[in-house]
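Asks: task: produce atomic coordinates for the following.
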Amino acid sequence: NAWFFKLSLSTGDLIGFEYEYGGSGNDFAWDIVEDLSTDPDQYVIVGGTGNGANGTLNGKTIDNAGEIWVFAINPSSPATPLWQNLYDGGQTDGTENDWARSIIIDHNGKYVVSGYCLSCYDDKTQMQAMLIKLRNDGAVTFWKEDYGDEDETDQNVRDQGSNAAIETYDAGTDTYGYFGTGIHHPDHDECFDGQSHDFYGYATSNLGVSLWSGGCVLTDGLNYGGKKDDNAYSVVQTCDGNYLIVGATKSKTDDVSCNNNPNSPYTFDAWVVKIDAATGEILWEETIGDVGNDEFHDIEQLEDGSFIAVGEIESLGVPDEQQNFYIVKFELTECAVPVNLTATSLPGCTSIKFDWDDLPCAKEYEIRYRTSSTGWTTQTTTLSEYTAGSLSHATYQWKVKAKCSPTVWSEFTGNQYHTLSPSCR
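Replies: Okay, here's the model as predicted:
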């Protein structure tokens, strides 16, 4: 059964009761979100039901060996679900196994569920990644799409699946979409020698239309990795609009530049890959770990611009210990220099307003200004402008730099010059 409980953040103690949900089959939960826009508030949980066994779920017939399961509970009285629904790919004869791995609430308050679908095609031998967009009461399915390889005649192609999905935003076109990541399991020589998992990424419009193709034997999406197992588990959109995918890799070839175990067969390293949002190309990649099996399973960006990745680690060197929880906080060294600098004398002729373009990754800016007879005056601001007052009439030299995370600053701009004169009007 799916299992739900709440813990105190301060003590770790159980708050209230714990609850189980399910039916006559095997039922499990993978992800949960809190929706404060509904009345009452609700936790929405996704997973799978009937895994490996047909059955019933509170009066609903489970047609397959497993279906995607979405249900909501009231945080104040969670004993019985507020509502629940089952979803599949349509090819239902009791042998397929579909399940959800993640759920998000998009900017319009709709739910987007991602997961694995074996019932999407008649041959039922290949899994597809799946996205389902739902109304927040589960009563309306806006659309349901699957992604991967749609050539049912090619039995050598294996599975695609989605472990996580996010809503994306393109500032240049002011449009929203979705990006999912997970596993591509090829069996072709051109796919890094086959018999291995690859990172899998797929991008869609806000209507679920696939935007990328051209990966190894894929109709939708792209794959990344080497000749061994590479598994993607989570993704975030970075402030520059691109994607940061995390997971684990056993490879040391092709897209993977390093494995921290010097001896073959290699162990898993946590793998961080930055992907260009427009083309899907790898911008850079980095492995983190040692001689043991080390993996990242989730990533979040913090308000200060840094990132937290969590997973498991075996490389602690402690006798009789195997896997431990693994938490890494890191920063990206990327930070753009401010551009389009202007300076304007303000009425009264004792103040100058300095301006520059706002940078999406900047958390604050440092501006410095001086005359030929004074030292630098340094100020910080969270805005892309600064007004300096009580100034003498002189020519001012000034420059700006941006701060993108706790310890990462851009270079200063080149020196700029502006003359404040008595007749500035």
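Asks: and Pro75, how far from Gly22?
Replies: 20 Å (CB to CB, to the nearest Å). Every residue, glycine included, has its C-beta placed from N, CA and C.
Asks: between those two, who's got more neighbours?
Replies: Gly22 (20 against 13; other CB atoms under 10 Å).
Asks: look up how far Gly48 lies from the more buried one.
Replies: Distance from Gly22 to Gly48, by CB to CB: 10 Å.
Asks: with Leu218 instead?
Replies: For Leu218 relative to Gly48 (CB to CB), the value is 24 Å.
Asks: ok, the two, which is more surrounded?
Replies: Gly48 (28 against 25).
Asks: skipping adjacent residues, who's closest to that one in space?
Replies: Leaving aside its chain neighbours, Gly48 sits nearest to Trp99 (3.1 Å; criterion: CB to CB, 6 or more residues apart in numbering).
Asks: count the neighbours of the one you found for me.
Replies: Neighbour tally, Trp99, other CB under 10 Å: 22.
Asks: I figured it was touching Asp31, is that so?
Replies: No. The criterion here is CB atoms under 8 Å, and Trp99 misses it with Asp31 at 11.0 Å.
Asks: common neighbours of the two, please.
Replies: Both Trp99 and Asp31 are contacted by Gly47, under the criterion CB atoms under 8 Å, 6 or more residues apart in numbering.
Asks: leaving out sequence neighbours, find the closest residue to Glu18.
Replies: Phe5 (3.8 Å).
Asks: cool, and Lys228?
Replies: For Lys228, the spatially nearest residue (CB to CB, 6+ apart) is Lys250, at 3.7 Å.
Asks: model confidence at that neighbour, what's the number?
Replies: Per-residue confidence (pLDDT) for Lys250: 75.
Asks: how close does it sit to Leu244?
Replies: Counting by CB to CB, the gap from Lys250 to Leu244 is 20 Å.
Asks: what is the end-to-end distance of stretch 364-380?
Replies: One end of stretch 364-380 sits 7 Å from the other (CA to CA, to the nearest Å).
Asks: contacts for it, please.
Replies: Identification of contacts with stretch 364-380 by CB under 8 Å, 6+ apart yields 338, 352, 354, 356, 381-384, 386, 388, 392, 394-403, 409, 412.
Asks: flag the shaky bits of the stretch 101-250 of the chain, pLDDT-wise.
Replies: Applying pLDDT under 70 to the stretch 101-250 of the chain flags residues 122-125, 150-158, 186-195, 214-217.
Asks: oops, could you answer that again for the stretch 251-400 of the chain instead?
Replies: Residue ranges of the stretch 251-400 of the chain with pLDDT under 70: 262, 264-265, 315-321.
Asks: quick one: the strands in it?
Replies: 269-275, 282-288, 295-301, 307-313, 324-330, 342-345, 352-355, 364-370, 377-381, 385-388, 394-405 (DSSP state E, counting those that start in this stretch).
Asks: circling back to that earlier point, CA atoms only: put the host helix or strand of the residue nearest to Glu18 into CSV for me.
Replies: Taking DSSP states H and E as the definition, Phe5 sits inside strand 2-7. Backbone C-alpha positions of strand 2-7 (Å, rounded to 0.1, in the frame of the first residue of the first chain) are rendered in CSV as follows:
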residue,chain,number,x,y,z
ALA,A,2,0.9,3.6,-0.3
TRP,A,3,2.1,5.0,3.1
PHE,A,4,1.6,8.5,4.3
PHE,A,5,2.8,10.2,7.5
LYS,A,6,4.0,13.7,8.7
LEU,A,7,7.1,14.5,10.7
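Asks: next structured bit after it?
Replies: Following strand 2-7 toward the C-terminus (DSSP H and E): strand 14-21.
Asks: now the angle from the helix or strand following that following strand to strand 2-7?
Replies: Where DSSP H and E defines the elements, the next helix or strand beyond strand 14-21 is strand 28-35. Using axes from the mean of the first three to the mean of the last three CA atoms, to 10 degrees, the inter-axis angle of strand 28-35 relative to strand 2-7 is 50 degrees.
Asks: strand 28-35 - what's its average pLDDT?
Replies: Strand 28-35 comes out at a mean pLDDT of 95.
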